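Novice: This is the structure alone, sequence omitted:
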């Protein structure tokens, strides 16, 4: 059986902590055991190896000093213990039981996911969904996230990504504004309040009013003015409330357009976003039925009837 036993793993932890602290007492505090227990674990390891790991001093006050061979072995032992810890955390953090931990942006949750989530819950009633709605990307391992939806180019280290939806960007406004303003051609945007979506940095390829107007061949519209909001759902709500003309993201605006709360302007101008929505997950978690089910459901919702 050799070094595969839990006892020897504990002995390795005791040895590594003792060598790092140069003290059985400090190692005992870290491991939450007694100094005598640490000393016994180290002696067990020495007996198994048939050689000492520390140079024993006649003075009880002297710090522990590792032998030359032990010092050479420490980097590999530390690396091995760290990899074991990472592996165990991955096993532990792939969501236990019937709780599915998901991560999406607040706007995507409000405008796309939550209006549809009842269909997933009806199909998987034993699965409880816990959503983390954060503007910033979360650490899937540290936050124990099973699956999420991210907006970008599809490359996130440590995560598998499958394209969920492409997106188009276009101006929208409230029907009431359209009834009172002349908005028949893109040039008519001169004099209108522009609502800017600043939820994503334009350096990533996120479309801005400047990019849309350039694509439409329009000049003379002041893009340095207007209302700036860092939440796509709030951008659309401002347009619904008649605050101006918003540059909408098609995925976010879909339901508001279908319900008549917003009207798309200048449909002859088509501008595809360089960014898209992706289902993302840790590869080691996709074998879990609840994670695979949510991934498959998202893809069906995106590609099936609205």
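Specialist: Received it, and whenever you're ready, just let me know what you need. Since the model is a prediction, treat every value here as computed from it, not as a measurement.
Novice: And residue 94, what's its pLDDT?
Specialist: Model confidence at residue 94, given as pLDDT, is 58.
Novice: scratch that, residue 305
Specialist: Residue 305 is given a pLDDT of 58.
Novice: mind checking how far stretch 151-163 is from the chain centre?
Specialist: Relative to its chain's centre, stretch 151-163 lies at 10 Å (C-alpha atoms, centre = their mean, to the nearest Å).
Novice: Just the buried residues of it, please?
Specialist: 151-152, 159-161 (16 or more other C-beta atoms under 10 Å). Heads up, the C-betas are built off the backbone N, CA and C, glycines and all.
Novice: One more: stretch 280-298?
Specialist: 280-282, 285-286, 288, 290-291, 293-295, 297-298.
Novice: In the chain, what residue spans correspond to helices?
Specialist: 6-21, 24-31, 35-49, 68-93, 106-108, 117-123, 175-180, 209-216, 232-240, 250-258, 289-303 (DSSP state H).
Novice: Pick out the shakiest of those helices, pLDDT-wise.
Specialist: Among those, helix 68-93 has the lowest mean pLDDT, at a mean of 80.
Novice: now that one: how far from the chain's centre is it?
Specialist: 26 Å.
Novice: Please identify which pair of the buried residues of stretch 280-298 lies farthest apart.
Specialist: Maximum pairwise distance among those (C-beta to C-beta): 18.1 Å, between 282 and 297.
Novice: ok, back up a step: between the buried residues of stretch 151-163, which is nearest residue 35?
Specialist: Nearest to residue 35 among the buried residues of stretch 151-163 is residue 159, at 43.3 Å by C-beta to C-beta.
Novice: Need the per-residue pLDDT for the closest one.
Specialist: As predicted, residue 159 sits at a pLDDT of 95.
Novice: Find the nearest non-adjacent residue to it, please.
Specialist: Of all residues not flanking residue 159 in the chain, residue 280 sits nearest, at 4.5 Å (C-beta to C-beta, 6 or more residues apart in numbering).
Novice: pLDDT value on the one you found, please?
Specialist: pLDDT, read off for residue 280, is 97.
Novice: Please tell me how far residue 112 sits from residue 256.
Specialist: Taking C-beta to C-beta, to the nearest Å as the measure, residue 112 falls 11 Å from residue 256.
Novice: who has more neighbours, the two?
Specialist: Each of residue 112 and residue 256 has its neighbours counted (other C-beta atoms under 10 Å); residue 112 has more, 24 against 20.
Novice: Next, count neighbours for residue 31.
Specialist: A count of nearby residues for residue 31, using other C-beta under 10 Å, gives 16.
Novice: So it is in contact with residue 12, correct?
Specialist: No - contact criterion C-beta atoms under 8 Å: residue 31 and residue 12 do not qualify, at 11.6 Å.
Novice: returning to that earlier point: please report the distance of the residue nearest to residue 159 from residue 298.
Specialist: Distance of residue 280 to residue 298, computed by C-beta to C-beta: 11 Å.
Novice: Which neighbours do the two have in common?
Specialist: Taking C-beta atoms under 8 Å, 6 or more residues apart in numbering as the contact rule, residue 280 and residue 298 both touch residue 149.
Novice: wouldn't residue 172 be in contact with residue 264 here?
Specialist: Yes - the pair residue 172 and residue 264 passes the contact test of C-beta under 8 Å, sitting 5.6 Å apart.
Novice: of these two, who's got more company?
Specialist: Ranked by neighbour count (other C-beta under 10 Å), residue 172 and residue 264 place residue 172 first, with 26 against 14.
Novice: got a list of what the closest residue to residue 174 other than its chain neighbours touches?
Specialist: Distances taken as C-beta to C-beta, 6+ apart place residue 242 nearest to residue 174, at 4.7 Å, with adjacent residues excluded. Contact partners of residue 242, counting by C-beta under 8 Å, 6+ apart, are 173-174, 176-177.
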